[in-house]
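Student: From the sequence below, what's the structure:
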Amino acid sequence: QVQVAESGGGLVQAGGSLRLSCTASGRPFSSYAMGWFRQAPGKEREFVAAMSSSVAPSYYTYYADSVKGRFTISRDNAKNTVYLQMNFLQSEDTAVYYCTARRGAASMRGEDYTYWGQGTQVTVSS
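Tutor: Residues are numbered from 1 along each chain as shown. Model prediction:
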């Protein structure tokens, strides 16, 4: 069983930055495609970012249009960790952020992912 755990959420002013971290157990971490999703109060879960596994034929990332140019997903396989660097945060970014993992190709669809964390709250004050 793979366990996924997020950290790094908190309260930040609009225009500020936060970096979320996500660790995933299970070996090898490098074989997992990783993703970030978020859910704001009263809204459906939405895709944020995803990246391919390190064993994929080619490296690629996906970003939601709403975060493109502001958020960056990255991974450190030695630490079994994926990061979401969030810059120029806006009040619309307020949500619970979930990290997710799967074997296979990265995807922008939540239903494609197998393992989910409990989420970390990000609140952006305007």
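Student: Report the contact partners of the residue positioned nearest the centre of the chain.
Tutor: In the chain, the residue lying closest to the centroid (CA atoms, centre = their mean) is residue 36, at 2.4 Å. For residue 36, the contacting residues are 20, 22, 48-50, 73, 82, 84, 97-100, by CB atoms under 8 Å, 6 or more residues apart in numbering. For every residue, glycine as well, the C-beta is placed using N, CA and C.
Student: Which residue is the nearest non-sequential neighbour of it?
Tutor: Nearest non-adjacent residue to residue 36, counting by CB to CB, 6 or more residues apart in numbering: residue 48, 4.2 Å away.
Student: about what we covered before: quick check: the gap between the residue nearest to the centre of the chain and residue 54.
Tutor: 17 Å (CB to CB, to the nearest Å).
Student: Distance to residue 110 added to the contacts of residue 36, as TSV?
Tutor: Compiled in TSV, the contacts of residue 36 are given as follows (distance: CB to CB, whole Å):
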residue	distance to residue 110
20	17
22	15
48	11
49	13
50	10
73	15
82	16
84	16
97	13
98	9
99	12
100	7
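Student: Could I get the pLDDT score of residue 54?
Tutor: On pLDDT, residue 54 comes in at 87.
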